[in-house]
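>>> Give me a model of this one.
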Amino acid sequence: MPRTPTSGTLTKNSLIEPAGTLPALRKMAEDCDDQSKIAVFREIARALSILCHGEGETDFSAIEPALPLLSRLLSSEDAETVGEVCDALSKVSAGNNDGIQTIVESGVVPQLVELLRSTSTKILSPTIRTIANITEGNNNASQIQLIMRYDILPCLLELLDHGDEDIRRDVCSVISNLTRAGDHIQAVIDAGIFPKLIELIKSTEADIQREAVGAVYNTILYGNSSQVTYLIEVGVIPALCSLLQVNNIDLVQVALGALEKMLQVDVYQTFDQLEAIVKAICNCDGMKTLPGLQKHEDNKISSCVTNIMESAFGTHLISDDAGRAFPAMQYYRKILGIGK
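Residues are numbered from 1 along each chain as shown. Coordinates of the predicted model:
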């Protein structure tokens with residue numbers, strides 16, 4: 001058997017040179033016997049990780065020949081090997097549409113979804129990052145369709161309770177990407193994911209909140225009226241209003257954008273639905289926070305708040321279910337007891 005190169009002797013350049021180590025690594029994988037397989041596969045996985053993670057930019061054509069070997073090593077029974085392979089795949093797929101497509105075409109997506117059941121953080125973390133990258137690619141509609149074939153949603157729901165903050169964040173990122181395709185919003189609802197996302201929006205971890213609220217925003221933007229009604233029923237409005245008080249402009253903007261969209265006429269279909277939205281905003285003290293944000297130094301925030309106030313409590317006419325028209329301000333102040 002050829003001598004196994006140690007990770008200390010390998011460099012990114014030596015691996016990608018035409019006469020470099022990659023052909024030798026492929027031959028080692030083919031020639032090793034069962035007794036030495038784990039040790040050899042670990043070393044090969046480390047070498048490929050160097051190839052994908054080394055400093056500097058690398059032409060994808062130099063990395064592509066390594067992907068079939070990565071795919072093979074992903075089936076290893078050795079957790080350390082699998083972790084190295086998943087780490088390499090996460091790097092190959094990061095912002096690289098060619099890499100994403102090649103990974104998809106290599107047929108490893110079912111294995112990646114199955115690895116979400118792993119108890120090893122070293123495997124879970126790069127695996128969920130890879131899936132997040134795949135669902136965020138330019139061809140994300142077909143790639144999301146592929147991911148959804150393999151019953152990923154129960155895995156994602158369970159991982160929302162994982163103890164690792166980065167894993168929870170990346171899971172929320174995957175869910176946010178899935179909801180960008182309107183066809184899958186109902187599946188996410190049916191999987192019972194949104195109540196947990198709403199809990200996470202109320203957490204104090206800004207990165208997780210950002211990704212979780214992204215899934216909510218996408219559902220409001222791309223979902224239908226009944227799906228938005230579901231979000232209201234499971235408590236999305238108090239969660240969004242809780243973000244209005246955080247010291248994070250990005251989160252405040254996304255929360256306001258979601259509330260503004262919910263109050264637009266193309267989202268709600270009945271007067272009762274509009275009334276439910278406004279009541280929910282008032283019941284969670286949203287109306288105590290919104291006026292102050294109208295004076296916010298960020299123009300996007302102040303403008304968005306003005307639009308919300310006009311939609312919910314403005315002077316435009318709205319009609320109740322009996323067909324009677326009222327100025328919105330007058331009507332809601334009366335039924336909700338706001339002011340005089």
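>>> Can you get me a residue count around the nearest residue to residue 38 once chain neighbours are set aside?
For residue 38, the nearest residue in space outside its immediate sequence neighbours is residue 78; the separation is 4.9 Å by CB to CB, 6 or more residues apart in numbering. Every residue, glycine included, has its C-beta placed from N, CA and C. Neighbourhood size, residue 78 [other CB atoms under 10 Å]: 15.
>>> if I read this right, residue 78 contacts residue 40, doesn't it?
No: look at residue 78 against residue 40 with CB atoms under 8 Å: they stay out of range, at 10.4 Å.
>>> which residue ranges form the strands in the stretch 101-250 of the chain?
According to DSSP state E, counting those that start in this stretch, the stretch 101-250 of the chain carries no segments that qualify as strands.
>>> what bits of it have low per-residue confidence?
For the stretch 101-250 of the chain, applying pLDDT under 70 flags the ranges 139-140.
>>> any idea of the pLDDT on the residue nearest to residue 38?
Reading off the confidence values, residue 78 has pLDDT 86.
>>> Check residue 75 too.
According to the per-residue confidence, residue 75 scores 85 in pLDDT.
>>> separation between the nearest residue to it once chain neighbours are set aside and residue 101?
Here the nearest residue to residue 75 in space, its sequence neighbours aside, is residue 111; by CB to CB, 6+ apart that works out to 6.9 Å. Remark: distance between residue 111 and residue 101 (CB to CB, to the nearest Å) = 17 Å.
>>> Spit out the contact partners of residue 289.
Counting by CB atoms under 8 Å, 6 or more residues apart in numbering, residue 289 touches 241, 244-245.
>>> again, but for residue 83
Taking CB under 8 Å, 6+ apart as the definition of contact, the neighbours of residue 83 are 120, 122-123, 126.
>>> The same query, at a cut-off of 10 Å, please.
Contacts here follow CB atoms under 10 Å, 6 or more residues apart in numbering; on that basis residue 83 touches 42, 45, 49, 76, 115, 118, 120-127.
>>> how about the helices in the stretch 151-300 of the chain?
Residue ranges of the helices in the stretch 151-300 of the chain, as given by DSSP state H, counting those that start in this stretch, are 153-159, 165-179, 185-190, 194-201, 206-222, 225-233, 236-243, 249-262, 271-283, 286-293, 299-313.
>>> Mind checking those for the one nearest to residue 96?
Smallest distance to residue 96 across those (CB to CB): 16.0 Å, for helix 165-179.
>>> Does anything pack onto that closest one? Which helices or strands?
Using 3 or more CB pairs under 10 Å, 6 or more residues apart in numbering; DSSP states H and E as the contact test, the elements touching helix 165-179 are helix 121-135, helix 140-148, helix 153-159, helix 185-190, helix 194-201, helix 206-222.
>>> among those helices, which is nearest residue 286?
Comparison of the helices and strands packed on helix 165-179 against residue 286 by CB to CB identifies helix 194-201 as nearest, at 14.2 Å.
>>> counting contacts, what elements does that closest one pack onto?
Judged by 3+ CB pairs under 10 Å, 6+ apart, the packing partners of helix 194-201 are helix 153-159, helix 165-179, helix 185-190, helix 206-222, helix 225-233, helix 236-243.
>>> that older thread, most surrounded residue in the contacts of residue 289?
Counting neighbours by other CB under 10 Å, the top entry in those is residue 241, with 23 neighbours.
>>> Can you give me the pLDDT of residue 335?
The confidence metric pLDDT takes the value 54 at residue 335.
>>> before we move on, the earlier item: filter the contacts of residue 83 down to just the buried residues.
42, 45, 49, 76, 115, 118, 123-127 (16 or more other CB atoms under 10 Å).
>>> so residue 298 sits right up against residue 249, yeah?
Yes: applying CB atoms under 10 Å, one finds residue 298 in contact with residue 249, separated by 5.7 Å.
>>> separation between residue 300 and residue 253?
The span separating residue 300 from residue 253 equals 6 Å under the rule CB to CB.
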